[in-house]
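>>> sequence? don't have it. structure:
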């Protein structure tokens, strides 16, 4: 069975997850993986861009490098990047066939979409010098957590996926920080409680969790500013860049500005057209970062949302920079009903209409999730 067909039979979203399954299957097949120097990324926001900054720099420095990220916007291949480009369809099919030969039929069928694709990526990364491995929605119970890690990078932690991770920031932080195996570098955090949880885990788990500034020198700050200017980075993206550079310093690798020339990740405050900015963010922290970055203009917001997102809070945060909302149609079970979204917009006194096409006279911000950006790109390409 071809990979596309195989994955179509696995749901992308689960109401319950068996956290024991991935470790059980990994124990059976771990001999098939060549363990490279693996950097694990956990957190709520910024994992994708931090990972791509790091992976691109490592590759530019001459190391064979793999980067696993999720979800994808258009093509599944976006999830598995190796040595400067997304892997090919042919390479994916070859790895899929190899993985099928390794797994029992029972385990192959039981693995979730994300669990299976995590094994697929790690199989393709055999032989890499470095693997940049991005967690999905969790931390210690995430599918990526089963693999041995050299270092964990902790991006900003905030409220998201509460149905799986808990409703308190301490609970969410604990879930993510328990994934630290040896060493970790933690980015600047919005919630002081995250640092308290980190200090508790340092003691209880006998691990080292260091703040970002321990690995960033005055010279690094100058270089970060130069890279940021060259890539036209918003402040929050510059903070993600800083975390990737702290990792390089931890590894003892000397970097240069030129190593980040091809490191921007599509869909992260991307200037898609002269009058269109797209961003795959989908939670309050992402909304706050965007408002801070785009405070000089007003935008028409192309938007939709999953039912389980804090979309009223997100819209409240975005309201100062939006003129009106244009709701884009998305045919997914998880998407909120149009009636409920319209009611929320009315309650917030935000004007809305249905998105049809781009008007060249308006400035647009496309935001809400990977699904929103995917739907927009499909409409815009028609």
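Thanks, I have it. As the structure is a prediction and not an experimental result, all values here were calculated from the model.
>>> mind listing what residue 248 touches?
With contact taken as C-beta atoms under 8 Å, 6 or more residues apart in numbering, residue 248 is in contact with 54, 57-58, 255. From N, CA and C alone the C-beta is placed, and that goes for glycine too.
>>> shaky segments in this protein?
Per-residue confidence for the chain (pLDDT under 70) gives these ranges: 14-15, 161-166, 296.
>>> and the helices in the stretch 1-150 of the chain?
With helices called from DSSP state H, counting those that start in this stretch, the stretch 1-150 of the chain shows them at 3-8, 21-29, 47-60, 89-102, 105-110, 113-124.
>>> so which of those helices is nearest residue 300?
Closest of the helices of the stretch 1-150 of the chain to residue 300 is helix 47-60, at 24.8 Å (criterion: C-beta to C-beta).
>>> what separates residue 154 from residue 208, distance-wise?
Here the criterion is C-beta to C-beta, to the nearest Å. By it, residue 154 lies 12 Å from residue 208.
>>> which neighbours do the two share?
Common contact partners of residue 154 and residue 208 (C-beta under 8 Å, 6+ apart): residue 184.
>>> more neighbours, those two?
Neighbours around residue 154 and residue 208, counted as other C-beta atoms under 10 Å, are more numerous at residue 154. The numbers are 30 against 12.
>>> for the stretch 51-200 of the chain, what spans make up the strands?
Under the criterion DSSP state E, counting those that start in this stretch, the stretch 51-200 of the chain carries strands at the ranges 65-68, 80-82, 85-86, 130-134, 151-154, 183-186.
>>> could you export those to a markdown table, including columns for distance to residue 314?
Putting the strands of the stretch 51-200 of the chain into a markdown table (distance: least, C-beta to C-beta, whole Å) gives the following:
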| stretch | distance to residue 314 |
| --- | --- |
| strand 65-68 | 27 |
| strand 80-82 | 28 |
| strand 85-86 | 29 |
| strand 130-134 | 22 |
| strand 151-154 | 23 |
| strand 183-186 | 25 |
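>>> the ones you listed: which one's closest to residue 311?
Nearest to residue 311, of these and by C-beta to C-beta, is strand 130-134 at 24.2 Å.
>>> partner strands of the closest one and their direction?
Strands flanking strand 130-134 in the sheet, each with its direction: strand 37-42 (parallel), strand 65-68 (parallel) (DSSP bridges).
>>> among those strands, which is the most enclosed?
Comparing the strands paired with strand 130-134 by mean neighbour count (mean count of other C-beta atoms under 10 Å), strand 65-68 comes out on top with a mean of 27.
>>> so what touches it?
Under the contact criterion C-beta under 8 Å, 6+ apart, strand 65-68 has outside partners 36, 51-52, 54-55, 58-59, 79-83, 118, 121-122, 124-125, 128-134, 144.
>>> what subset of those residues is buried?
36, 51-52, 54-55, 58-59, 79-82, 118, 121-122, 124-125, 128, 130-134, 144 (16 or more other C-beta atoms under 10 Å).
>>> burial count for residue 353?
The number of residues packed near residue 353 is 10, by other C-beta under 10 Å.
>>> got phi/psi on it?
Main-chain torsions, residue 353, degrees, to the nearest 10: phi -160, psi 180.
>>> so it sits against residue 328, correct?
No: counting by C-beta atoms under 8 Å, residue 353 does not reach residue 328; the two are 11.0 Å apart.
>>> so can I have TSV of the helices of the stretch 1-150 of the chain showing distance to residue 332?
Below are these laid out as TSV (distance: least, C-beta to C-beta, whole Å):
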stretch	distance to residue 332
helix 3-8	14
helix 21-29	25
helix 47-60	21
helix 89-102	24
helix 105-110	24
helix 113-124	14
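>>> deepest-packed of the ones you listed, please.
helix 47-60 (a mean of 26).
>>> what packs against that one?
The elements that helix 47-60 packs onto, with contact taken as 3 or more C-beta pairs under 8 Å, 6 or more residues apart in numbering; DSSP states H and E, are strand 37-42, strand 65-68, strand 130-134, helix 235-251.
>>> so this structure: which segments form each domain?
If the domains of the chain are taken from automatic domain parsing, they occupy 3-260, 270-381, with pieces of a single domain joined by a plus sign.
>>> of the strands of the stretch 51-200 of the chain, which is nearest residue 47?
Of all the strands of the stretch 51-200 of the chain, the one in closest proximity to residue 47, counting by C-beta to C-beta, is strand 130-134 (4.7 Å).
>>> strands of the stretch 201-350 of the chain, residue ranges please.
Counting by DSSP E, counting those that start in this stretch, the stretch 201-350 of the chain has strands at residues 208-211, 270-273, 276-279, 299-303, 322-327.
>>> out of those strands, which is the most enclosed?
Between the strands of the stretch 201-350 of the chain, the one whose residues have the most neighbours on average, counting mean count of other C-beta under 10 Å, is strand 299-303 (a mean of 24).
>>> I would like the residues contacting that strand, please.
Contacts to strand 299-303, defined as C-beta under 8 Å, 6+ apart, come from residues 277, 315, 318, 321-328, 355, 362-368, 372, 376.
>>> distance of residue 99 from residue 330?
Going from residue 99 to residue 330 by C-beta to C-beta gives 31 Å.
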